[in-house]
Each structure stands twice: as C-alpha cells, then as structure tokens.
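Trainee: coordinates only, no sequence provided:
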C-alpha cells in the first residue's frame, strides 16, 4: 500500500483561490475543480481568511512549545 503525502499550500495560493470566488461566474466548485482541490478545502480557506483580522498570520504548529 502506498502512503499518500499531504499536500501543503502557501498562504498566497490560498488567498488567490479565495479571491477567485469574488470573480463573476466563479463558484466554489468551479474554483476547486480548476485548482485540483476539494470544494470543502476552498470553503475552509475562505472561512479561515474571513475569521482572521487583516495582517494576522496563523501560528505554525509547535510554535512556542518546548
């Protein structure tokens, strides 16, 4: 059995994907299909982007832990 590797996306990629949702005629499904990701993933990125104050970045895992 082959182990799948987790894909990681840059903050810029996620922001661009969410920005495409504001373009006329673009839907969640169409953006996700064009980018090759699940629609739920794009929805999660949109929710995360809208819930954070501007300029704030999410802390990476393990940051500040010892």
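Mentor: It's in. None of these values were measured; they are calculated from a predicted model.

Trainee: who touches the closest residue to residue 26 other than its chain neighbours in this structure?
Mentor: Excluding its sequence neighbours, the residue lying closest to residue 26 (CB to CB, 6 or more residues apart in numbering) is residue 20, at 5.4 Å. Where you see a C-beta, it was placed from the backbone N, CA and C, and this is true even at glycine. When contacts are counted by CB atoms under 8 Å, 6 or more residues apart in numbering, residue 20 touches 26, 31, 34.

Trainee: host element of the first one?
Mentor: For residue 26, there is no host helix or strand (DSSP states H and E).

Trainee: quick one: residues contacting residue 34.
Mentor: residue 20.

Trainee: residue 5 versus the residue nearest to residue 26, what's the distance?
Mentor: Note on residue 20: its distance to residue 5, by CB to CB, to the nearest Å, is 25 Å.

Trainee: got CSV for the contacts of residue 20, with distance to residue 45 too?
Mentor: Formatted as CSV, those follow (distance: CB to CB, whole Å):
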residue, distance to residue 45
26, 14
31, 10
34, 14
